[in-house]
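Visitor: what's the 3D shape of this:
(2 chains)
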Amino acid sequence: MAEPVIDVRDVSITLGGHSIHRDLNLSVARGEVVALIGGSGSGKSVLLREIIGLLRPQAGRIELFGQSVWDSTSEQMNLLRQRFGVLFQDGALFSSLNVEDNVATPLFEHTDLPHATCRQLARLKLALAGLPADAAKKRPSELSGGMRKRVALARALALDPELLFLDEPTSGLDPISARAFDALIRLLADSLGLTVFLVTHDLDTLFSIIDRVIVLSNGRVLGSGTVAELKHIDDPWLHDYLTARAPQKETTHGN
Amino acid sequence: MTEARAHFDEAQGALIASGVWHAEAASALPDLAGKAVRILDGAGVTQLDTNGAWLLLAAARPQVSDPMPELRAFQPPHLAMLELVAQHCATTAVQPEPRSEGVLAHTGRGTLAMWGHVVGLLDFVGRLFIELAALMGSLGRWRWREFGAQVSAVFVGAIPIVVGMLFLLGVVFAYLLGSQAQQYGANIFVVDGLLMAILREISPVIVAVLVAGRTGAAITAQIGTMKVTEEIDAITTLGLSPLAVLVIPRMLALLLALPLLVFIGDIAGIVGGMLVAQQQLDISYSMFMDRVADVILLKTLLVGLGKAPVFAIFIALIACRMGLSVTRDARSVGANTTSTVVQSLVAIIVINAIFAVMFVRLDI
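Guide: Numbers count the residues shown, from 1 in each chain, chains lettered A, B, ... in the order given. Here you go, the predicted model:
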């Protein structure tokens, strides 16, 4: 097997007196679309923040593309940051910039391209993310929630990263937009050869676009595998979680 | 990793690219002005992402209407990438930058915005009066707890800065006045001048400016952020009035706090002046106090204290209105907070000038 893109080894963290992760291990291979699930407060978002370099774990080692996140110099880290993109839960668009400049910002900062070319590339990313051309000049506050997520996705893709982190990509979207967004993520992952690591609560996302699910429970990885494989794990929370969708859907995903 | 390379083959009309094609590869493109690219050859391309694909396509056909070049010898994933990007190329066509507006248009827009502020303030005052009239009937609906919290924030929190500032201004004023008065042996008249200046002008204006910067900005930022997080909408849907819950307690708190702060500022300024008088002008503390008792007029004190509530009303009105007119983004919170401080300062200076003329005409 090729070197993993994300490698988390023996990570522990205690926040506010609560132990969040205890010797947590996981790895993600190149090209995988992996979902991280877990109950509320199980530390999914904390783990994501540790992996993308926003929150330092107290023990353990986190590597992206074989390079340690927490033992790198700031220059090495900045080079590493250009190789992954992050979609935050509410988009985290810069409200003082219009949509096009939001997407072009990473290109302005990290490439020597003229600004006009950066903006053209930004419009390409917006088109790839499924936004109409007339959205480019709007301000983030003028967009709907689904469109904001698409803009945020376009910004995450601006530098053509190899790895994409998504925090609850479909939360706050209606089912139609959510499924369309799922399909978009899968399409981009396949056509651009991305590795995708997403945190989600959305069962439909799990059943439709995910290669592998990692379950977080009590500060450790409870198990990982396809949705079908997870059903064999004997855990009351996981059982409730996987059966928490509308009953008539149970029959459709079996095939 | 090999560097991106590209050269143009005149004979075939082919752009031949090789190496790693990312966004940084743009500098590797040859000058293609006036040359028609019929073939795009990617035999040597080892990596290609969407940025690289767009750069190659944009170089090969500067206008979207130009014919698509023949794609030759690309690896299958790179070919798929080029086709994906080519589908969306039309949307990346250069759009003309909007022309920046001239001085005249800018002035016009500014004037309209200023007029909008005046109309908005009037509208706000009207709605506030309706709300107050509705509240008059029932004392139970007044937000006493919120009022208390605001008084503590606006008044108690501001005492140290007001005392410090007015004390220093008293020191400076007495010192400068003293160095002039000393030349004529008119030391004792420093007390008269100091009292007049501190009580009538310096304390009310400086305290109002401080409160506008400190509390006015805080009110706008807080109400504005509540607007962004939809708390104001929640208050409305719960059947409460944002004016009664948020605006009126803040307004009353400022109305109470500002005169008190001005009074505290008066004392601090006089104490500062007294220290300098004793050190520099040989006026003992008891002499200073005797002189104060002789020359102080009640009206001097009242003029200063009387201006404070007027300043308070304007600061509160401006701050609350700007807070409620925030739109749902972070930029607007900053812009409106700035606007609150600027509008409040202008209002304070203008009102103070009106008062000065009015008092002279009325011979007060």
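Visitor: A:Asp234: which element?
Guide: Of the helices and strands defined by DSSP states H and E, none includes A:Asp234.
Visitor: with A:Val34 instead?
Guide: Assigned by DSSP H and E, A:Val34 falls in strand A:33-38.
Visitor: quick one: contacts of that strand?
Guide: A:28, A:44, A:47-48, A:185-186, A:189, A:195-201, A:205-206, A:209-217, A:241 (C-beta atoms under 8 Å, 6 or more residues apart in numbering or on different chains). For every residue, glycine as well, the C-beta is placed using N, CA and C.
Visitor: could you check the angle the very next helix or strand once past that strand makes with strand A:33-38?
Guide: Downstream of strand A:33-38, the next assigned helix or strand under DSSP H and E is helix A:44-51. Counting by axes from the mean of the first three to the mean of the last three C-alpha atoms, to 10 degrees, helix A:44-51 lies at 130 degrees to strand A:33-38.
Visitor: for helix A:44-51, name the packing helices and strands.
Guide: Packed against helix A:44-51 by the contact rule (3 or more C-beta pairs under 8 Å, 6 or more residues apart in numbering or on different chains; DSSP states H and E) you find strand A:6-15, strand A:18-28, strand A:33-38, strand A:59-64, strand A:163-167, strand A:195-199.
Visitor: near chain A, which residues of the stretch 201-350 of chain B?
Guide: Proximity of the stretch 201-350 of chain B to chain A, by C-beta under 8 Å from any C-beta of the partner chain, involves residues B:327-332.
Visitor: pull the contacting residues for the closest residue to A:Val46 other than its chain neighbours.
Guide: Spatial nearest neighbour of A:Val46, excluding adjacent residues (C-beta to C-beta, 6 or more residues apart in numbering or on different chains): A:Ile20 at 5.2 Å. A:Ile20 sits next to A:13-14, A:43, A:46, A:219 when contact means C-beta under 8 Å, 6+ apart.
Visitor: now render those residues as TSV, adding neighbour count and pLDDT.
Guide: Compiled in TSV, the contacts of A:Ile20 are given as follows (neighbours: other C-beta atoms under 10 Å in any protein chain shown; pLDDT from 0 to 100):
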residue	neighbour count	pLDDT
A:Ile13	22	86
A:Thr14	14	85
A:Gly43	24	82
A:Val46	20	85
A:Gly219	21	79
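Visitor: relative to chain B, which of the residues you listed is nearest.
Guide: A:Val46 (23.2 Å; C-beta to the nearest C-beta).
Visitor: in the stretch 151-300 of chain B, what residue comes closest to chain A?
Guide: Using C-beta to the nearest C-beta, the single residue of the stretch 151-300 of chain B nearest to chain A is B:Val228, 9.3 Å away.
Visitor: count the residues that sit near that residue.
Guide: 18 (other C-beta atoms under 10 Å in any protein chain shown).
Visitor: does it touch B:Asp329 like I think?
Guide: Yes: the pair B:Val228 and B:Asp329 passes the contact test of C-beta atoms under 8 Å, sitting 7.2 Å apart.
Visitor: wondering if stretch B:50-67 reaches chain A at all.
Guide: Yes: residues of stretch B:50-67 are located near chain A by C-beta under 8 Å from any C-beta, namely B:50-52, B:54-55, B:58.
Visitor: and the strand holding A:Val34, which strands flank it?
Guide: strand A:195-199 (parallel), strand A:212-217 (parallel) (DSSP bridges).
Visitor: which one is the residue of the stretch 51-200 of chain B at minimum distance from chain A nearest to, not counting chain neighbours?
Guide: Residue nearest to chain A within the stretch 51-200 of chain B: B:His88 (3.6 Å; C-beta to the nearest C-beta). In this structure, B:His88 finds its nearest non-sequential neighbour in A:Ala127, 3.6 Å apart by C-beta to C-beta, 6+ apart.
Visitor: ditto for A:Ile6
Guide: Nearest non-adjacent residue to A:Ile6, counting by C-beta to C-beta, 6+ apart: A:Val28, 4.1 Å away.
Visitor: roughly how far is stretch B:202-215 from the heart of the chain?
Guide: Computed by C-alpha atoms, centre = their mean, to the nearest Å, the chain-centroid distance of stretch B:202-215 equals 17 Å.
Visitor: go on, stretch B:190-208?
Guide: 29 Å.
Visitor: model confidence over it, on average?
Guide: Average pLDDT, stretch B:190-208: 93.
Visitor: pull out the buried residues from stretch B:59-71.
Guide: B:59-61, B:69, B:71 (16 or more other C-beta atoms under 10 Å in any protein chain shown).
Visitor: mind saving the C-alpha coords of that stretch as PDB?
Guide: C-alpha atoms of stretch B:59-71 as PDB (Å, rounded to 0.1, in the frame of the first residue of the first chain):
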ATOM      1  CA  ALA B  59      -2.800  29.900 -24.000                       C
ATOM      2  CA  ALA B  60      -3.900  27.800 -26.900                       C
ATOM      3  CA  ARG B  61      -7.100  29.700 -27.600                       C
ATOM      4  CA  PRO B  62      -7.200  33.200 -26.100                       C
ATOM      5  CA  GLN B  63     -10.900  33.600 -27.100                       C
ATOM      6  CA  VAL B  64     -13.500  31.100 -26.100                       C
ATOM      7  CA  SER B  65     -14.900  31.300 -29.600                       C
ATOM      8  CA  ASP B  66     -11.600  30.200 -31.100                       C
ATOM      9  CA  PRO B  67     -11.600  26.600 -32.300                       C
ATOM     10  CA  MET B  68     -10.500  24.000 -29.800                       C
ATOM     11  CA  PRO B  69      -7.000  22.700 -30.500                       C
ATOM     12  CA  GLU B  70      -6.400  19.100 -31.200                       C
ATOM     13  CA  LEU B  71      -5.300  17.400 -28.000                       C
END
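Visitor: mind putting the strands paired with strand A:33-38 in JSON lines, mean pLDDT included?
Guide: Below are those laid out as JSON lines (pLDDT from 0 to 100):
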{"stretch": "strand A:195-199", "mean pLDDT": "89"}
{"stretch": "strand A:212-217", "mean pLDDT": "86"}
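Visitor: need the winner for burial among these.
Guide: strand A:195-199 (a mean of 24; mean count of other C-beta atoms under 10 Å in any protein chain shown).
Visitor: from the chain's centroid, how far away is the helix or strand following that one?
Guide: Heading C-terminal from strand A:195-199, the first helix or strand you meet, by DSSP H and E, is helix A:203-209. Centre-to-centre, helix A:203-209 and its host chain are 14 Å apart (C-alpha atoms, centre = their mean).
Visitor: what's the spatially most central residue of chain A in contact with, if anything?
Guide: The centroid of chain A falls nearest to A:Leu166 when counting by C-alpha atoms, centre = their mean (1.8 Å). Contact analysis of A:Leu166 by C-beta under 8 Å, 6+ apart lists A:86-87, A:153, A:185, A:196-200.
Visitor: now, among the residues you listed, which is nearest to B:Ala208?
Guide: Comparing the contacts of A:Leu166 against B:Ala208 with C-beta to C-beta places A:Val86 closest, at 46.4 Å.
Visitor: look up how far A:Arg56 lies from A:Arg22.
Guide: 16 Å (C-beta to C-beta, to the nearest Å).
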